[in-house]
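>>> when you get a sec, could you give me coordinates for this:
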Amino acid sequence: MSTPNKRRDNMEDSGINAKRPKSECPYAEKCFRLNPIHFREYSHAHCNTETTQNNTEDRKKEEKLKEAKQKDSLWFSPSCPELPADSMPHEGESPTMFKKSLLRYLNNYHLPNLAFYVDRVKRCNFSHINVFLVASVPGSHFDLDWGMTRVGSLLRQHCCIPPEETKNWPLIAQASSIGSYGKEPKLWLTGDFLHNFTKIKNQSQLLSTPPELKIVYPSLENVRQSHDNLLGGGCLPYAGDAHAKQPWLNSFL
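Residues are numbered from 1 along each chain as shown. The predicted structure follows:
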């Protein structure tokens, strides 16, 4: 029982762990790894598909940045059991075409090592899943299969909001990276972006005023007070020279 501890102590004494850069923690002497405040300041989202011998299960986890409060959401799909051996690949589809969307996403990468998982997905029953899969893949896309255009297409088909209420709520977008949006917001941000995320069923957007748009993006102080201090800012690729070209963005933050 004591051997692993001795080995760990020897590694620390030999300086192996000293090669790892350590940032100065803003909580100074009050800092310790289990300090709950360390888990409140960063956000990330990821999807995970778990394939076992007899079924497939999809999971989606999102952690939102919120002042002094951790806000997590975790979604587990129903178990997706294997279809009978004589079933066709298109069988076991969900009402939301989740299976087709997942296969389209996996096949888009054209990776030989994904062939096994594509085959497993084809042989699983997704009929109990009642959510839509919205995926993004590398490249530029102008169809309705990916990213924000797919979101817009789904909202247009399924989002029912009385027209008189659309002006009563803003669209709040949280971003972990910001790009170059152009000299004016209408070139993309209040153009294609806002257009796709505010679509609703049975209403022409040409005849209505879009909702207000607000963007949540970590500030320098958010990063400074995060677990890794300023070193944690490496995941926020928004350079100052890029922001200097679009100062109008300040009014949306």
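>>> can you list the weak-confidence ranges in the stretch 51-200 of the chain?
Flagging of the stretch 51-200 of the chain using pLDDT under 70 yields the residue ranges 51-74, 163, 166-167.
>>> surely Phe193 is in contact with Met148?
Yes. Under the criterion of C-beta atoms under 8 Å, Phe193 makes contact with Met148 at 6.4 Å. The way it works is simple: take the backbone N, C-alpha and C, and place the C-beta from them, glycine included.
>>> how about the strands of this structure, start to end?
Using DSSP state E, the strands assigned to the chain run over residues 44-51, 55-64, 71-76, 80-81, 171-174, 213-216.
>>> roughly how far apart are Lys199 and Cys159?
Going from Lys199 to Cys159 by C-beta to C-beta, to the nearest Å gives 7 Å.
>>> Leu220 too?
36 Å.
>>> so between the two, which is more surrounded?
A side-by-side neighbour count of Leu220 and Cys159, using other C-beta atoms under 10 Å, places Cys159 first with 15 against 10.
>>> help me confirm that the more buried one comes into contact with Ile200.
Yes. With contact defined as C-beta under 8 Å, Cys159 counts as touching Ile200 (4.7 Å).
>>> residue contacts, Lys122?
89, 103 (C-beta atoms under 8 Å, 6 or more residues apart in numbering).
>>> kindly check the end-to-end length of stretch 218-232 for me.
For stretch 218-232, the first-to-last residue distance is 11 Å (C-alpha to C-alpha, to the nearest Å).
>>> for that stretch, what is the average pLDDT?
Across stretch 218-232, the average pLDDT comes to 84.
>>> list the buried residues in it.
The neighbour-count criterion (16 or more other C-beta atoms under 10 Å) identifies 218, 222-223, 225-228, 232 as the buried residues of stretch 218-232.
>>> stretch 173-190 too?
Across stretch 173-190, burial judged by 16+ other C-beta under 10 Å covers 176, 178, 181, 185, 189-190.
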